[in-house]
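Novice: Give me a model of this one.
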Amino acid sequence: MNPMDTFNPDEPCRLHDGLNNDFIEWNPEWAAHYREYSFNQDEGVISWDGALLDGWVPM
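Specialist: Coordinates of the predicted model:
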């Protein structure tokens, strides 16, 4: 899995939600919302829309 500091919200991918241990298929249309409302929850973990994103993989 790639670290969240290399995540590009403008590109499709699969994000890992560590809270639910599940993958979210990322839609680049959500990029503006992500930029406005996400924040660093912990080292390498981004909180966004009820998820704790801790990594991503390409589609």
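
Novice: By residue count, tell me the biggest strand in the protein.
Specialist: strand 51-58 (DSSP state E).

Novice: Show me what that strand is packed up against.
Specialist: In terms of contact count using 3 or more CB pairs under 8 Å, 6 or more residues apart in numbering; DSSP states H and E, strand 51-58 is assigned the packing partners strand 13-17, strand 22-26, strand 45-48. Glycine gets a C-beta too; all of them are placed from N, C-alpha and C.

Novice: which helices and strands does the first one pack with?
Specialist: Taking 3+ CB pairs under 8 Å, 6+ apart as contact, the helices and strands that strand 13-17 lies on are strand 22-26, strand 51-58.

Novice: what angle do the longest one and strand 22-26 make?
Specialist: Angle of strand 51-58 versus strand 22-26, following axes from the mean of the first three to the mean of the last three CA atoms, to 10 degrees, is 70 degrees.

Novice: Run me through the strand neighbours of the helix or strand of the chain with the lowest mean pLDDT, direction for each.
Specialist: Within the chain, no helix or strand scores below strand 39-42, which has a mean of 94 by mean pLDDT, DSSP states H and E. Using DSSP bridges, strand 39-42 pairs in its sheet with strand 45-48 (antiparallel).

Novice: what is the rounded mean pLDDT of the strand it pairs with?
Specialist: Averaged across strand 45-48, pLDDT comes to 98.

Novice: Identify each buried residue in that strand, please.
Specialist: I46, W48 (16 or more other CB atoms under 10 Å).

Novice: okay, it in PDB with CA atoms only?
Specialist: Extracted in PDB, the C-alpha atoms of strand 45-48 (Å, rounded to 0.1, in the frame of the first residue of the first chain):
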ATOM      1  CA  VAL A  45      -3.800   8.700   8.700                       C
ATOM      2  CA  ILE A  46      -6.200  11.100   7.100                       C
ATOM      3  CA  SER A  47      -9.700  11.600   8.600                       C
ATOM      4  CA  TRP A  48     -12.300  12.300   5.900                       C
END
